[in-house]
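Participant: What shape does this take:
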Amino acid sequence: MTKQELKDFLDEKVDLYNNPKFIESDPIQIPHLYSLKEDIEIAGFLAATIAWGNRKMIINNAQKMMNLMGNSPYDFIMSHSNENLESLEKFVHRTFNGQDFIGFTKGLQHIYKNHNGLEAVFAKEHTTMQHTISNFKKLFFEVPHLARTEKHISDPMNGSAAKRINMYLRWMIRNDNKGVDLGIWKNTSSALLSCPLDVHSGNVARKLGLLTRKQNDAKAVAELDANLRILDKNDPVKYDFALFGLGVFEGF
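Facilitator: Okay, the predicted model is just below:
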């Protein structure tokens with residue numbers, strides 16, 4: 001395929017998958033349950049954090065997280081008691097357990113009380129959004145926490161593809177006018193976003209010549225980003241819908 005043919009092909013797939021039907025089988029449905037900005041961004045952050053494994057299980061467990069927070073995540077984060085935290089201890093999703101959930105609750109409260117909230121932290125200017133993610137992790141874990149909990153936020157500066165947090169940023173920042181990505185953070189441009197690279201999107205990207213690196217790591221994200229920006233410099237991450245859809249739904 002020529003570059004133009006590839007762009008036309010992928011644009012067609014974006015149109016096919018970037019629509020409200022996508023929400024039904026995706027963890028993005030969790031932040032869509034809320035209308036308060038802070039509820040949306042906290043629900044999205046927690047759902048994205050556990051977004052690995054079986055998608056149905058991810059959605060079910062993310063809903064359990066919301067239930068444990070009384071379906072008012074922001075209010076819970078800001079005003080929880082020690083007794084409330086004890087109720088989180090029974091939660092488990094793969095290697096993310098109740099102690100991790102408690103650590104995340106304290107980390108989120110710290111972000112809102114001392115760093116003006118999630119949007120403000122991610123709106124800070126750094127060299128790239130990947131640097132911003134790395135800085136966010138440092139701020140998030142400024143409060144006492146278990147060492148094991150740190151593994152649940154990836155750091156691109158340590159070579160990680162940071163798939164889940166890049167996906168979260170797509171949800172919060174990208175306004176797709178289609179009702180899927182929420183686009184509630186207005187101070188950061190979609191042009192800065194990186195593709196949430198996983199097994200499916202990586203394999204499809206390689207077959208299409210958008211990615212040559214074999215590992216799905218930070219260097220692969222940078223290579224894929226550069227190629228997607230050639231196709232659309234203002235909204236490169238929209239192609240996540242095409243790559244993911246081709247891999248998961250079409251077995252491309």
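
Participant: helix, strand or coil for residue 233?
Facilitator: When classified by DSSP: H, G, I helix; E, B strand; the rest coil, residue 233 comes out as coil.

Participant: surely residue 212 meets residue 206?
Facilitator: Yes. Residue 212 lies in contact with residue 206 (Cβ atoms under 8 Å); the separation is 7.2 Å. In this view, the C-beta of every residue, glycine as well, is placed from N, C-alpha and C.

Participant: Of the two, which one has the most company?
Facilitator: Each of residue 212 and residue 206 has its neighbours counted (other Cβ atoms under 10 Å); residue 206 has more, 15 against 11.

Participant: Contact partners for that one?
Facilitator: residue 212 (Cβ atoms under 8 Å, 6 or more residues apart in numbering).

Participant: could you measure it against residue 7, distance?
Facilitator: 18 Å (Cβ to Cβ, to the nearest Å).

Participant: which residues touch the longest helix along the chain?
Facilitator: Among the segments of the chain that qualify as a helix by DSSP state H, the longest is helix 98-114. Applying Cβ under 8 Å, 6+ apart, the contact partners of helix 98-114 are 38, 42, 45-46, 49, 65, 68, 74, 76-78, 80, 85, 88-92, 117-118, 121, 139-146, 148-149, 152.

Participant: Pull it out as CSV, backbone CA atoms only.
Facilitator: Extracted in CSV, the C-alpha atoms of helix 98-114 (Å, rounded to 0.1, in the frame of the first residue of the first chain):
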residue,chain,number,x,y,z
GLY,A,98,-7.1,-4.7,48.1
GLN,A,99,-3.9,-3.2,49.5
ASP,A,100,-3.1,-1.8,46.1
PHE,A,101,-6.6,-0.3,45.9
ILE,A,102,-6.1,1.3,49.3
GLY,A,103,-2.7,2.7,48.1
PHE,A,104,-4.4,4.1,45.0
THR,A,105,-7.1,5.7,47.1
LYS,A,106,-4.5,7.5,49.2
GLY,A,107,-2.4,8.4,46.1
LEU,A,108,-5.5,9.9,44.4
GLN,A,109,-6.4,11.9,47.5
HIS,A,110,-2.9,13.3,47.5
ILE,A,111,-3.1,14.3,43.9
TYR,A,112,-6.4,16.2,44.5
LYS,A,113,-5.4,17.8,47.8
ASN,A,114,-1.8,18.8,47.0
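
Participant: Can you give me the buried ones in it?
Facilitator: For helix 98-114, the neighbour count (16 or more other Cβ atoms under 10 Å) marks 98-112 as buried.

Participant: next one: stretch 185-198
Facilitator: Neighbour counts over stretch 185-198 (16+ other Cβ under 10 Å) mark 185, 188, 190, 192, 193, 194, 195, 196, 197, 198 as buried.

Participant: Then the first one would be within a strand, right?
Facilitator: The reference is to residue 185. No. Assigned with three-state DSSP, residue 185 falls outside any strand and is coil.

Participant: In contact with it: list those residues for me.
Facilitator: 41, 119, 122, 123, 172, 173 are the contacts of residue 185 under Cβ under 8 Å, 6+ apart.

Participant: Would you mind listing which of those are buried?
Facilitator: If we count by 16+ other Cβ under 10 Å, these have these buried: 41, 119, 122, 172, 173.

Participant: quick one: which of the residues you listed is nearest residue 217?
Facilitator: Nearest to residue 217 among the buried ones among the contacts of residue 185: residue 122, at 21.6 Å, using Cβ to Cβ.
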